[in-house]
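[1] model this:
(one chain, ligands or ions: 1)
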Amino acid sequence: MPAESADRERAKEHGYDVLAPIDAAYASGEIDSGEWHRRVLAIVEPAYLAGDERMGSGHSGTAQEWERSRSIVMEAIDRDGTFLDVGCANGLLMASVHRWSAERGLRVEPYGVDISAALAELARSRYPRWAQRIWTANAASWRPPMRFDVVRTGLEYVPADRRLAFVQHLVDHVVRPGGRLIIGKTNEDRRAPGEDGTPGVAATVRSWGWPDVREVRRPHDHPEVEQTLAWFDLRS
Ligand SMILES: C[S@@+](CC[C@H](N)C(=O)[O-])C[C@H]1O[C@@H](n2cnc3c(N)ncnc32)[C@H](O)[C@@H]1O
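    Modelled structure (predicted):
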């Protein structure tokens, strides 16, 4: 891969070069989805557990960069209610959404689920008052004890050919009727699909049968990459 393409791919997805072989092994049928999750977790979990507060949530920048990067989620939070962070890691996004919402006059109660038992436990220890609301599970098959007003996830939490089923599962079992599913933030190629960019999250989810997906896009430090956030509301 040419160096500038590698830079763009790295800006889109931290760690793509270590995750790519796992995707390739899955795509070739060498490993199943359970092994895909185990191998991804074997890379993600030690890196998050060894890092500082933000790295414990998958972000390698400063506190200011965290705010700039992750606060995009507030573009889709405009109501009081429950908020589930799928892939909550050390809980920093749960706490940030709680704080950012309060600053906007909203009462948002955060919940979390993570496939990593160690990261979920870290989140419980960092936020003891929310300990009962943080679960360990693979969100792709998890049936929570309640449904949530707003659920945030990333499509990259499952193998590529399982993403539609993942969204359908969250719609059927995790988001409450009339609630909202948020996907992102995602770092996306700014190039159009015809120029070799891949279709973005919003276009992909619309093509799966949810036509009313909304999205916001923000500049990324890399000129060919944009941060995106996509969301849609379920029927009541
Ligand atoms: C990049 S971190 C996101 C942390 C935080 N939600 C944020 O946006 O800053 C991704 C987290 O998702 C978790 N994760 C990945 N796949 C998952 C799955 N299928 N079910 C639940 N959690 C998953 C990982 O263990 C990791 O802690």
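[2] interface residues of this structure facing the ligand?
    44, 48, 57-59, 70, 85-89, 93, 113-116, 119, 138-140, 157-158 (CB under 6 Å from any ligand atom). The way it works is simple: take the backbone N, C-alpha and C, and place the C-beta from them, glycine included.
[3] make sure Arg152 is indeed in a helix.
    No: going by DSSP: H, G, I helix; E, B strand; the rest coil, the assignment for Arg152 is strand, not a helix.
[4] helix or strand next in line after the longest strand seen in the chain, which one?
    Longest strand in the chain, counting residues (DSSP state E): strand 175-189. Toward the C-terminus, strand 175-189 is succeeded by helix 201-207 as the next helix or strand (DSSP states H and E).
[5] got the CA coordinates for that next one in CSV?
    Extracted in CSV, the C-alpha atoms of helix 201-207 (Å, rounded to 0.1, in the frame of the first residue of the first chain):
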residue,chain,number,x,y,z
VAL,A,201,-22.0,4.6,7.5
ALA,A,202,-25.1,6.7,6.8
ALA,A,203,-25.4,5.6,3.2
THR,A,204,-24.7,2.0,4.2
VAL,A,205,-27.4,2.0,6.9
ARG,A,206,-29.9,3.6,4.5
SER,A,207,-29.2,0.9,2.0
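[6] just how off-centre is it within its chain?
    15 Å (CA atoms, centre = their mean, to the nearest Å).
[7] quick one: list the elements packing against it.
    strand 175-189, strand 214-219, strand 225-233 (3 or more CB pairs under 8 Å, 6 or more residues apart in numbering; DSSP states H and E).
[8] in TSV: the ones you listed, plus mean neighbour count and mean pLDDT.
    Compiled in TSV, the helices and strands packed on helix 201-207 are given as follows (neighbours: other CB atoms under 10 Å; pLDDT from 0 to 100):
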stretch	mean neighbour count	mean pLDDT
strand 175-189	21	95
strand 214-219	15	94
strand 225-233	21	95
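[9] Met74 is nearest to which of the ones you listed?
    Of all these, it is strand 225-233 that lies closest to Met74, at 9.2 Å by CB to CB.
[10] list the contacts of that closest one.
    By CB atoms under 8 Å, 6 or more residues apart in numbering, the residues outside strand 225-233 that reach it are 8, 11-12, 69, 72-73, 75-76, 178-190, 200-202, 205, 210, 212-220.
[11] in its sheet, what does the longest strand of the chain sit against?
    Strand pairing for strand 175-189, determined by DSSP bridges: strand 148-153 (parallel), strand 225-233 (antiparallel).
[12] contacts only, for Arg217.
    Arg217 is in contact with 188, 226-228, counting by CB under 8 Å, 6+ apart.
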